[in-house]
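[1] Just to be clear, the model below is a prediction. Sequence and coordinates:
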Number of protein chains: 2
Amino acid sequence: MILTVTLNAALDITYRVPRLHPHATNRVTEVAERPGGKGLNVARVLAALGHRTVATGFAGGGTGEALRALLTQETDVTDALVPVGGTTRRTIAVVDAATGDTTQLNEPGPTVSPAEWAAFLGTYRELLGEARAVALCGSLPPGVPVDVYARLTRAAHAAGVPVLLDTSGEPLRRGLAARPDLAKPNADELAALTGSTEPLRAARDARRRGAHAVAASLGPDGMLAVTADGAWQAAPPRPIAGNPTGAGDSAVAGLLSGLVEELPWPDRLTRAVALSAATVRAPAAGEFDPATYEELLPHVVVTDRPTAA
Amino acid sequence: MILTVTLNAALDITYRVPRLHPHATNRVTEVAERPGGKGLNVARVLAALGHRTVATGFAGGGTGEALRALLTQETDVTDALVPVGGTTRRTIAVVDAATGDTTQLNEPGPTVSPAEWAAFLGTYRELLGEARAVALCGSLPPGVPVDVYARLTRAAHAAGVPVLLDTSGEPLRRGLAARPDLAKPNADELAALTGSTEPLRAARDARRRGAHAVAASLGPDGMLAVTADGAWQAAPPRPIAGNPTGAGDSAVAGLLSGLVEELPWPDRLTRAVALSAATVRAPAAGEFDPATYEELLPHVVVTDRPTAA
């Protein structure tokens, strides 16, 4: 199975309003809820691709219960979330129906106690025994050590399990030091890490900081990978209009399934880019449209890039 | 006991953000939750004033459970809410710490089925047997008949229980026809009902539409009452700065406790205005500051107004 880790899981709530009036009262016309946090999004796409997928991390309180109920009812993902005394955070996406713009409100998440953290590490080590790959995804809740992704990467490598790391800021910087097999930053995260806004230069720099391979998601420009075997850029055949929420998480699922299936790098990128575009095109944020995925797959354009300057 | 009815109860959530950036991602720095909906706010203040208070209405789903847990833990209000299959709505107040402005997002509330509505009517009639007064408060959830407040007023009068009605729009218009003992609109609601923005004229008009008495909350100008026994305006001794959320609900609690205690009208208004001002002054939205209440009580200024033009 493939294991995904979501330390700061969320109940993702989407509100639709006719038009958002800041500093006034807004009547919400539609409410949708789904399990959220990057790792749970990745898990949902992996399961939809037919991979046996287990999700761990933390969940607690009423919102944690709601999240777990939705995960069980609406996906084929196996729930291995570890209970915490605090309450799982909500994220609220307020979609302005007039403009299509989204205003996002993210709660901070529950504080994790040392005992809860120890319980998670026990569960994680146990699950690694079954895992063919692990994805470490997203931000950290309060109380979790900032070098957590380095620790989890080392534990995975000790169990012979390859690691994909998808986070940002200090947790990314610290995580890279443990040499994950693949890091998947977006262009902004890569620039914040390396100080360079030129993706190829920045991806090479990120590899030097420890990742065996770097796959950077570049929004409408697709994805750039710099690996020990070569460098490639994959792009969709045409611009795709829609909602980019979750597109990066679908790309992670594409990369991870490609790794487990031992696909060549250009094929992994092709899958990641087609899944990402099919997510932008899906009516619900974070879902992917299977027909768009199948349609785009043969038309993703992969070009070689130089691995060194 | 005093009974309050909240058909569209809510879990009130307050988010504090350093500054609200519309159409961008905002990190919430503080989250607070409390039982909400006008009738539950009124009940909380009545209980704090020492009145035995029972709250009914509907609650359901995870948010309904959270609301009921908070009601039991944090107030002396007796929970007589009727379960529904749908999920109690959330309201989200996003407070911009830089400006103090609030952006409000209100979910619509669960649809109430005919069976749930019938169950509520049974509970309501039973509770009326014990009630010395009833407050009918707030908006209606989907599925509830728009003339609900007229029906509930007639049932209360059949049981000999006086009725205070605090709602707006069509439910107010229809409710007045059943001749509630007191209607408590604010200036905007009164203007929407009568077409007049002159409060005294509008309050007289609202009486002609059926209410035995009308007490209109006028924000910083205090409260205007037009009754069979006379008309009065009560105002705080000085402008009160703070958060007006819940000030109208505190005024309802003041009026209702004054009715049950058979206070003369000027004393009821004095209490309502002092409670309302003490709510504006309290640090948490919807709470009242007892010291401010006691301090203001002797200084509220009541003036006679003409009952007819």
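    Nice, thanks for sending it over.

[2] For the stretch 201-309 of chain A, give me the ranges with low pLDDT.
    A:285, A:309 (pLDDT under 70).

[3] Could you list the contact residues of it toward chain B?
    Residues of the stretch 201-309 of chain A lying close to chain B (C-beta under 8 Å from any C-beta of the partner chain): none. To be clear about C-beta, it is placed using only N, CA and C from the backbone, and glycine gets the same treatment.

[4] ranges for the helices of the stretch 201-309 of chain A?
    In the stretch 201-309 of chain A, the segments counted as helices under DSSP state H, counting those that start in this stretch are A:247-260, A:265-281, A:290-296.

[5] you'd agree residue A:143 is in a helix?
    No: assessed with DSSP: H, G, I helix; E, B strand; the rest coil, residue A:143 is coil; it does not lie in a helix.

[6] ok, it to residue A:137 distance?
    Using C-beta to C-beta, to the nearest Å, residue A:143 is found at 18 Å from residue A:137.

[7] Equivalent analysis for residue A:99, please.
    To residue A:137, residue A:99 is 30 Å away according to C-beta to C-beta.

[8] quick one, which of the two is more surrounded?
    The neighbour count for residue A:99 versus residue A:137, taken as other C-beta atoms under 10 Å in any protein chain shown, is higher for residue A:137 (29 against 11).

[9] neighbours of the residue in the stretch 201-309 of chain A that chain B sits nearest to, just the number please.
    Proximity of the stretch 201-309 of chain A to chain B (C-beta to the nearest C-beta) peaks at residue A:245, 11.0 Å away. Neighbour count for residue A:245, taken as other C-beta under 10 Å: 22.

[10] again, but for residue A:280
    Neighbours of residue A:280 under the rule other C-beta under 10 Å: 23.

[11] Would you confirm that it contacts residue A:244?
    Yes: between residue A:280 and residue A:244 there is a contact at 5.3 Å, judged by C-beta atoms under 8 Å.

[12] which ones are touching residue A:70?
    A:11, A:33-35 (C-beta atoms under 8 Å, 6 or more residues apart in numbering or on different chains).

[13] Which one (most neighbours) among those?
    residue A:35 (30 neighbours).

[14] partners of that residue in the sheet?
    residue A:11 (DSSP bridges).

[15] And it, how far from residue B:138?
    With distances taken as C-beta to C-beta, residue A:35 is found 32 Å from residue B:138.

[16] Nearest to residue B:307 among the helices of the stretch 201-309 of chain A would be which one?
    helix A:265-281 (65.4 Å; C-beta to C-beta).

[17] Which other helices and strands does that closest one contact?
    Using 3 or more C-beta pairs under 8 Å, 6 or more residues apart in numbering or on different chains; DSSP states H and E as the contact test, the elements touching helix A:265-281 are strand A:213-217, strand A:223-227, strand A:230-235, helix A:247-260, helix A:290-296, strand A:301-305.

[18] buried ones in it?
    Buried residues in helix A:265-281, defined by neighbour count with 16 or more other C-beta atoms under 10 Å in any protein chain shown: A:265-281.

[19] Likewise for stretch A:131-142?
    A:131-141.

[20] For the stretch 1-150 of chain A, which residues are neighbours of chain B?
    Taking C-beta under 8 Å from any C-beta, the part of the stretch 1-150 of chain A that reaches chain B is made up of A:15, A:17, A:20-29, A:31, A:62-63, A:65-66, A:92, A:94, A:96, A:99, A:101-108.

[21] So how do I select the buried members of those in ChimeraX?
    Buried members of these can be picked out in ChimeraX with the line below, counting by 16+ other C-beta under 10 Å:
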select /A:15,17,20,22,26,28,62,63,65,66,92,94,96,102,103,105,106,107
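
[22] Which ones among the residues of the stretch 1-150 of chain A next to chain B lie within strands?
    Among the residues of the stretch 1-150 of chain A next to chain B, DSSP state E puts A:15, A:17, A:25-27, A:31, A:92, A:94, A:96, A:102-106 in strands.

[23] In TSV: those, plus pLDDT and distance to residue A:6.
    As requested, those are arranged in TSV below (pLDDT from 0 to 100; distance: C-beta to C-beta, whole Å):
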residue	pLDDT	distance to residue A:6
A:15	95	22
A:17	96	28
A:25	92	34
A:26	95	30
A:27	94	32
A:31	94	23
A:92	96	18
A:94	94	23
A:96	93	28
A:102	89	21
A:103	94	23
A:104	94	18
A:105	96	19
A:106	95	14
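
[24] Tell me who's in contact with residue A:133.
    Here residue A:133 is in contact with A:2-3, A:161-164, A:256, A:259-260 (C-beta under 8 Å, 6+ apart).

[25] Tell me the most packed of those residues, by neighbour count.
    residue A:256 (31 neighbours).

[26] From what I see, it and residue A:43 are in contact.
    No: assessed by C-beta under 8 Å, residue A:256 is found out of contact with residue A:43, at 9.9 Å.

[27] joint contacts of those two?
    residue A:2.

[28] is residue A:6 in a bridge, and if so with what?
    Counting by DSSP bridges, the residues bridging with residue A:6 are residue A:57, residue A:137.

[29] wait, doesn't it sit right on residue A:137?
    Yes: between residue A:6 and residue A:137 there is a contact under C-beta under 8 Å: 5.9 Å.
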